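1. Okay, sequence plus prediction incoming.
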Amino acid sequence: MMKKVLITLSVCLALLVGCTSDKEELLNPSGHDCAGVNASFVNDVWPIIQANCQGCHGAGSTNGPGPLTNYTQISNVAARIQAAVESGIMPKGGGPLPSAQIRIIRCWVNSGTPNN
């Protein structure tokens, strides 16, 4: 009896793993792909931060990571910014960022937060 249960569980596990690996788009959605995205801090990331974060994270802010008014401040907390925008908890009040802007932030962080 125990042998049948183990065989059944093994087959179910094999099917589950096999089915999941066939669904590459579920594991790596295209929005997570940074191929062809050369995110620039000055041209891409900074305008997103200015438009969506300056109201709460201006000079002297004590909200969350504090002020986000220059490259150094933003780069130092880039992973936190990425997590906050990907989860949709930031920016507050205006709803989540569009997926294209989230992708820019993700790709900029994943490329090492270059000051370009």
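-> Nice, thanks for sending it over.

2. Give me the pLDDT for Asp22.
-> The score at Asp22 is 38. That number is its pLDDT.

3. ok, now Gly36?
-> pLDDT, Gly36: 87.

4. Provide the secondary structure category for it.
-> coil (DSSP: H, G, I helix; E, B strand; the rest coil).

5. who touches stretch 43-55?
-> 39, 57, 68-69, 71, 74, 81, 90-91, 94, 97, 101, 104-105, 108 (CB atoms under 8 Å, 6 or more residues apart in numbering). Backbone N, C-alpha and C define where each C-beta goes, glycine included.

6. of the residues you listed, buried ones?
-> Using 16 or more other CB atoms under 10 Å as the burial test, these include 39, 57, 68-69, 71, 74, 81, 90-91, 97, 101, 104-105, 108 as buried.

7. returning to what we had before: quick check: the farthest pair among the contacts of stretch 43-55?
-> Among the contacts of stretch 43-55, the pair separated by the greatest distance (CB to CB) is Tyr71 and Gly94, at 23.2 Å.

8. List the contacts of Cys56.
-> Counting by CB under 8 Å, 6+ apart, Cys56 has contacts 63-64, 91-92.

9. Kindly report the same for Val42.
-> Asn116.

10. Now do it against Gly94, distance only.
-> 23 Å (CB to CB, to the nearest Å).

11. And for Ile49?
-> Counting by CB to CB - Ile49 and Gly94 are separated by 13 Å.

12. which SSE is Ile105 in?
-> helix 99-110 (DSSP states H and E).

13. Now do that helix: everything it contacts.
-> 31-32, 34, 37, 39-41, 44-45, 48, 78-79, 81-82, 85-86, 96-97, 114.
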